[in-house]
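*Asks:* I would like the atomic coordinates for the input below:
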Amino acid sequence: MREETLNHLEDGEREVLRVLMNRYPEALPRAEVRRLSGYASSTADRFIVVLAKRGLIVKTVQGYFHASEKLF
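*Replies:* I've put the predicted structure just below:
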C-alpha cells in the first residue's frame, strides 16, 4: 500500500510523507517536517495540507503530524 500510494503523489508530497512514514509512530512538529523534507515553509505547508486532506497524515497535537495508520 505504501509504495502504491507514494507513486501517485507529486515529488514534494511524496517527500513529506516519506519523512513522516520513516518516523512513524512518532509525531513531528510542523517545523521538523519542513526541515527534514528540505522544503521552504510555505511549500511544505501546502504539501502537509494536501496529505492531511487525503487522509495520509494525521494531525495530533497542535502542529504535530504523523503518517496515517492505514499506511502500515
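
*Asks:* I would like the residues contacting stretch 23-38, please.
*Replies:* Stretch 23-38 is contacted from outside by 12, 15-16, 19-20, 40-41, 44-45, 47-48, 60-61, 63-67, 71-72, using CB atoms under 8 Å, 6 or more residues apart in numbering. Quick note: C-beta positions are derived from backbone N, CA and C, even for glycine.

*Asks:* Just the ones of those residues in helices?
*Replies:* 12, 15-16, 19-20, 41, 44-45, 47-48 (DSSP state H).

*Asks:* For ChimeraX, write the select line for the buried members of those.
*Replies:* Of the ones in helices among the contacts of stretch 23-38, the buried ones go into a single ChimeraX selection, burial set by 16 or more other CB atoms under 10 Å:
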select :12,15,16,19,20,44,47,48
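
*Asks:* which residues of the protein score low on pLDDT?
*Replies:* Low-confidence segments of the chain, defined by pLDDT under 70: 1.

*Asks:* 90 - rerun?
*Replies:* Within the chain, the segments meeting pLDDT under 90 span 1-7, 61-63.

*Asks:* hmm, back to that, pick out the most distant pair among the ones in helices among the contacts of stretch 23-38.
*Replies:* 20 and 41 (16.6 Å; CB to CB).

*Asks:* what's the burial count for residue 37?
*Replies:* Residues near residue 37, counting by other CB atoms under 10 Å, number 21.

*Asks:* Could you do residue 6 as well?
*Replies:* Residues near residue 6, counting by other CB under 10 Å: 16.
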